[in-house]
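Visitor: Let's see this in three dimensions:
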Amino acid sequence: MSSLIEKLFKAQQARFGKDEKTLINSLAKKQDPWPNGIVKNALSITIKIVNGFKCFVVQDKHHEPNDNRIVFIHGGAYVGEISQIHWFYIRNLIKKTNAKIYVPIYPLTTNEYSGQLDSIDFLVNLYKQITENEPNKIYHIFGDSAGGNLGLILAQQIKMNNYKHPQNLILFSPVLSMEDTVTAEVLAKNDPILPYDMLKTLINWQLQKNDPKNPLFSPLYGDSNNVGNIHIFVGANEFFLYFVKLYCTHLDKEGIKYYLDIKKGMYHDYPIFMIENAAKETNKKVYDIINGKFIE
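Guide: This next block holds a predicted model:
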């Protein structure tokens, strides 16, 4: 493992603290969703307000976007704001696809408040507005980790409301269930990104007293028929692999096509860091999916 990757792991773990008290204190500090100067200077960024929440509308500063529109739902264990790592990924995504990207800044969870249902309501209304404003564009939903959870739920809600369907769902290490299992715990011990004990705390905050099999929390139990082309990228050494495999078993039973890529030796959300060769291979597939060139 390179020293750069080790530093990233430590930074990710430090972000969420070593125990619940440290986490609460850490989250009390204001989190800034804006990109840093390097990214900001490369992009044209405007702000759209929906349901009282911000959405960044992002495109290349020097070129008009093509017809691709991406709703980019960031991860962060439901409590973390969009990170600079995400913003560098967005900059690279625009460079490779020339898409216009919508970056919703959804409400974050605390130990006393779950942002799940408010986030879903915000995302559904945002998607309805942007697709009504530009009905002839090609839409894609992207989500990593917690963002993958919200992205799949959004797609399921789009279908239920009969809105314009996205062409593709691109999900990195998505949280497909908020249940807990011994099998998933064993997998988590090999993942350096997500400390298992903190993960359980964060999921309990997100659930509050809701049923973990409620599809608005665990899209594993929702209707995924005709939600768009489903593409899932996951590391072989992570907690959520168990639920990804279970979800794909459900899809197989329903006769729903999907693309699943499990990378040997990789950890939670590995493509977003854009460091490992495996991440570069995965992201080449992501660009091809959006550009309409992907062949399984």
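Visitor: separation between the residue of the chain most remote from its centre and residue 37?
Guide: The centre of the chain is farthest from one residue, residue 62, which by Cα atoms, centre = their mean lies 27.2 Å away. Distance, residue 62 to residue 37, by Cβ to Cβ, to the nearest Å: 17 Å. (Glycine included, C-beta is placed from N, CA and C.)
Visitor: thinking again about what came up before, can you classify the residue farthest from the centre of the chain as helix, strand or coil?
Guide: coil (DSSP: H, G, I helix; E, B strand; the rest coil).
Visitor: And the strands in the chain, which stretches?
Guide: 43-50, 53-60, 68-73, 100-104, 138-144, 168-172, 229-235, 258-263 (DSSP state E).
Visitor: Make TSV from these and add mean pLDDT to it.
Guide: Below are the strands of the chain laid out as TSV (pLDDT from 0 to 100):
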stretch	mean pLDDT
strand 43-50	95
strand 53-60	96
strand 68-73	98
strand 100-104	98
strand 138-144	98
strand 168-172	98
strand 229-235	97
strand 258-263	97
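Visitor: Residue 124: which of those is closest?
Guide: Residue 124 sits nearest to strand 43-50 of all the strands of the chain, at 9.7 Å, using Cβ to Cβ.
Visitor: tilt between the closest one and strand 100-104?
Guide: 50 degrees (axes from the mean of the first three to the mean of the last three Cα atoms, to 10 degrees).
Visitor: From residue 289, how far off is the residue farthest from the centre of the chain?
Guide: 24 Å.
Visitor: for residue 265, same thing?
Guide: 23 Å.
Visitor: out of these two, which sits in the more crowded spot?
Guide: residue 289 (20 against 11; other Cβ atoms under 10 Å).
Visitor: and that one, what does it touch?
Guide: Residues near residue 289 by Cβ atoms under 8 Å, 6 or more residues apart in numbering: 140, 168, 170, 229, 231.
Visitor: how about the nearest residue to the last one, chain neighbours excluded?
Guide: Okay, so that is residue 231. Spatially, and ignoring its direct neighbours in sequence, residue 231 is nearest to residue 259 (4.5 Å; Cβ to Cβ, 6 or more residues apart in numbering).
Visitor: Verify the contact between that neighbour and residue 228 for me.
Guide: No: at 11.7 Å, residue 259 and residue 228 do not qualify as touching, with contact defined as Cβ atoms under 8 Å.
Visitor: Any stretches of the stretch 1-150 of the chain with poor pLDDT?
Guide: Along the stretch 1-150 of the chain, the model assigns pLDDT under 70 to residues 1-30.
Visitor: Could I get the full set of helices for it?
Guide: Taking DSSP state H, counting those that start in this stretch, the helices of the stretch 1-150 of the chain run over residues 3-16, 20-27, 37-42, 84-97, 116-133, 146-161.
Visitor: what about these, which gets the closest to residue 52?
Guide: The closest approach between residue 52 and any of the helices of the stretch 1-150 of the chain, judged by Cβ to Cβ, belongs to helix 116-133 at 8.3 Å.
Visitor: and the angle from the closest one to strand 100-104?
Guide: Using the same axes, to 10 degrees: helix 116-133 against strand 100-104 is 150 degrees.
Visitor: just the angle between helix 116-133 and strand 138-144, please?
Guide: 160 degrees.
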